[in-house]
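In: how would this look folded up:
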Amino acid sequence: MKVHDVNTQRFEVALEFLREGDTLTFDAVDFWLSAEETLNVNVNSSWWIGNTNEERALSDLKRAKDVLAYVAQESPEFARIIKNRTRRFTLSYFDGRDGVLLGSFVDGKILWT
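Out: I've put the predicted structure just below:
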């Protein structure tokens with residue numbers, strides 16, 4: 001569920017959906033929970049797929065981490081839900097019709113898919 005503001009009824013509904021296994025999207029960053037106690041954080045590439053490079057990918061990772069920190073700071077309930085979960089960050093590309101996983105972030109580096 002896409003949300004644009006944290007302190008709204010829509011955000012509270014999105015949190016309930018998140019608990020039930022759906023995706024919460026805030027500022028073009030997707031969050032979902034895995035059964036293995038993982039918070040998945042996916043950010044869409046800010047650059048066209050053919051021109052994405054490591055520098056751009058790391059910039060996108062920073063943005064995803066900043067959005068995560070903002071939502072956790074603004075919503076104590078979101079912070080509680082994700083508190084003890086491992087974080088898995090991924091980078092994808094979506095053209096409005098189809099999407100593709102570009103890579104995962106491990107130890108501050110991107111592992112291209």
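In: which residue ranges form the helices in the protein?
Out: 9-19, 54-74, 76-82 (DSSP state H).
In: okay, the ones you listed in JSON lines with distance to residue 88 and mean pLDDT next?
Out: (Each C-beta comes from the backbone N, C-alpha and C, glycine too.) Output for the helices of the chain, formatted as JSON lines (distance: least, C-beta to C-beta, whole Å; pLDDT from 0 to 100):
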{"stretch": "helix 9-19", "distance to residue 88": "15", "mean pLDDT": "97"}
{"stretch": "helix 54-74", "distance to residue 88": "11", "mean pLDDT": "94"}
{"stretch": "helix 76-82", "distance to residue 88": "12", "mean pLDDT": "97"}
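In: Name whatever forms a beta bridge with residue 86.
Out: Going by DSSP bridges, residue 86 is paired in beta bridges with residue 38.
In: So it versus residue 93, what's the distance?
Out: 24 Å (C-beta to C-beta, to the nearest Å).
In: Next, the contact list for the spatially most central residue of the chain, please.
Out: Central residue of the chain (C-alpha atoms, centre = their mean): residue 41, 2.9 Å from the mean position. For residue 41, the contact set (C-beta atoms under 8 Å, 6 or more residues apart in numbering) comprises 29-31, 64-65, 68, 87-90.
In: I'd assumed residue 81 was in contact with residue 72.
Out: No - counting by C-beta atoms under 8 Å, residue 72 sits too far from residue 81 to count as a contact (9.3 Å).
In: doesn't residue 30 make contact with residue 42?
Out: Yes - counting by C-beta under 8 Å, residue 42 does reach residue 30; the two are 4.3 Å apart.
In: Compare neighbour counts for those two and give me the winner.
Out: Ranked by neighbour count (other C-beta atoms under 10 Å), residue 42 and residue 30 place residue 42 first, with 21 against 18.
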